[in-house]
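Peer 1: need the 3D shape of this:
(one chain, ligands or ions: 1)
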Amino acid sequence: MSDKLKLLLVGIGGYGAGYVMTAQNMEDEFEIAGVADPFAKNASSLDSLEDVPVFDTIEDFFAAGLTADAAVISSPIQFHCEQLEAALDHSLHVLCEKPLCADAGQAQRMLAAAAAHPGQKVLIGFQWSFSPAMLAFKRQILEGKWGRPLSIKAIVRWPRAFSYYKRNDWAGRLRDSAGRFVGDSVLSNATAHYLHNPLFMLGGAMDTAAEPSRIEAQCFRAFDIETFDTAFVKLSVPGRFGNETDVFIAVSHCTEKVAEPYVEYRFEHGTVLCAGNDRLKGTLRGEEVDFGLSAAVWKDIITKCSAFTAAHRDWKNLPAPSRRRCRN
Ligand SMILES: NC(=O)c1ccc[n+]([C@@H]2O[C@H](COP(=O)([O-])OP(=O)(O)OC[C@H]3O[C@@H](n4cnc5c(N)ncnc54)[C@H](O)[C@@H]3O)[C@@H](O)[C@H]2O)c1
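Peer 2: Next up is the predicted model:
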């Protein structure tokens, strides 16, 4: 039996094209068993998938009698919930792109679906949560090396032309053209990493994120879109040291100039920065610390695919009776 992970790719255009390329480049690890994308013919990545069967939906793929081990969902946000449920129901492990979904009700459904299939792995594509550098830093935070967290600050200036909002029927919109809620904005989509990461780093365990007790936000729009393209957010995040940590986030798609994201983690015993070159480094009690690259843009999909194969390998190495009970 082949050790390769047989993938069903759900959404192969836009960001999904990176999964096509990465799965093809990691040919010792992956085999592309099929595609589910109702608009696959518009995706340039389709040209490289000559012998791969293409369907509109996950259900169509299985109705054709085909099989896979895992699904990679890189479709528009408003489809993540139903596609994750369908993939899990068909016994697939799932790597679903960020953000999780479009609203809190869908998030509850996705959590319930994952809980109802404890033998299958579910990963959400926030690449920083799989970056060895971030995980090494988080391990030290949990070990108490850095002391109490004081504040985390993230600033992202990524200007987008108006064409960015015209590339599909959901960018910058409250609902897509079929009326599905999507709530797409600078904060929920492109810079969602910088909202998720501070909460992940303040989580009480390696695989959990913290929840804010208070959220204050101001949102603005420069472009003629339905949601917003600039946001300033302040979160208060309760932690295991009994204090509240302030998290400040400023993100915009309409700054004059583009700038590399700036993220600053301040702790009782030192400060770590991820700024300019994606390197995570700082000073702990006066000594320099360098955790390495966080997960550079060109490496983000490789980082996630490697985490997915590692999760699958762990699962396969479990004795068969335990596989049904494994979590995360
Ligand atoms: N992790 C990252 O850094 C990162 C970066 C960019 C985008 N993303 C995420 O990737 C996802 C897709 O974003 P995008 O910008 O590529 O979107 P897009 O609209 O440009 O492309 C989405 C793809 O999904 C296909 N699609 C449309 N409806 C579908 C359906 N019902 N089922 C299956 N496929 C469908 C489209 O044909 C297209 O190929 C989003 O969740 C986005 O947040 C993640």
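Peer 1: please make it C-alpha for all contacts and neighbour counts, starting now.
Peer 2: Will do.
Peer 1: list the contacts of stretch 168-185.
Peer 2: Taking contacts as Cα atoms under 8 Å, 6 or more residues apart in numbering, the residues outside stretch 168-185 that touch it are 76-78, 102-103, 164-165, 186, 225-229.
Peer 1: neighbours of E143, how many?
Peer 2: As a burial measure, E143 scores 10 neighbours (other Cα atoms under 10 Å).
Peer 1: what parts of this protein come near the ligand?
Peer 2: Counting by Cα under 6 Å from any ligand atom, the residues of the chain close to the ligand are 10-16, 36-40, 43, 74-77, 79, 97-99, 125-126, 168, 189.
Peer 1: ranges for the helices of the chain?
Peer 2: Defined through DSSP state H, the helices belonging to the chain, from first to last, are 16-25, 58-63, 80-89, 104-116, 132-143, 192-201, 300-317, 320-323.
Peer 1: dump the ones you listed to TSV, plus mean pLDDT.
Peer 2: Formatted as TSV, the entries for those read as follows, by pLDDT from 0 to 100:
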stretch	mean pLDDT
helix 16-25	96
helix 58-63	98
helix 80-89	98
helix 104-116	97
helix 132-143	97
helix 192-201	97
helix 300-317	88
helix 320-323	60
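Peer 1: mind checking which of those is nearest E264?
Peer 2: Proximity of these to E264 was assessed by Cα to Cα; the nearest stretch is helix 192-201, lying at 9.6 Å.
Peer 1: and that closest one, what does it pack against?
Peer 2: Contact partners of helix 192-201 among helices and strands, from 3 or more Cα pairs under 8 Å, 6 or more residues apart in numbering; DSSP states H and E: strand 244-252.
Peer 1: angle of the strand it packs on against helix 192-201?
Peer 2: 170 degrees (axes from the mean of the first three to the mean of the last three Cα atoms, to 10 degrees).
Peer 1: and the residue of the stretch 51-200 of the chain nearest the ligand?
Peer 2: With Cα to the nearest ligand atom as the measure, the residue in the stretch 51-200 of the chain that lies nearest the ligand is S75; the distance is 3.7 Å.
Peer 1: list the contacts of the closest residue to that residue other than its chain neighbours.
Peer 2: With Cα to Cα, 6 or more residues apart in numbering as the criterion, S75 has its nearest non-adjacent residue at 4.5 Å, and that residue is G11. By Cα under 8 Å, 6+ apart, the contact set of G11 is 35-37, 40, 73-76.
Peer 1: list just the nearest of these to F55.
Peer 2: Ranked by distance to F55 (Cα to Cα), these are led by A36 at 4.8 Å.
Peer 1: gap between the closest one and S75?
Peer 2: According to Cα to Cα, to the nearest Å, A36 stands 9 Å off from S75.
Peer 1: hey, what's in contact with both of these two?
Peer 2: Shared contacts of A36 and S75, defined by Cα under 8 Å, 6+ apart, comprise 10-11.
Peer 1: surely I302 touches T22?
Peer 2: Yes: taking Cα atoms under 8 Å as the contact criterion, I302 and T22 are neighbours in contact, 6.5 Å apart.
Peer 1: higher neighbour count, these two?
Peer 2: Legend: neighbour count by other Cα under 10 Å for I302 and T22, higher for I302 (20 against 16).
Peer 1: and the more buried one, how far from A311?
Peer 2: Distance, I302 to A311, by Cα to Cα: 14 Å.
Peer 1: ok, S177 next?
Peer 2: S177 sits 37 Å away from A311 when distances are taken as Cα to Cα.
Peer 1: go on, W158?
Peer 2: Looking at W158 against A311, where the rule is Cα to Cα, the gap reads 32 Å.
Peer 1: also A295?
Peer 2: As judged by Cα to Cα, A295 and A311 stand 18 Å apart.
Peer 1: so for those two, which sits in the more crowded spot?
Peer 2: Per other Cα under 10 Å, whichever of A295 and A311 has more neighbours is A295, with 23 against 17.
Peer 1: pretty sure the more buried one is touching W128, no?
Peer 2: Yes: with contact defined as Cα under 8 Å, A295 reaches W128; the gap is 6.2 Å.
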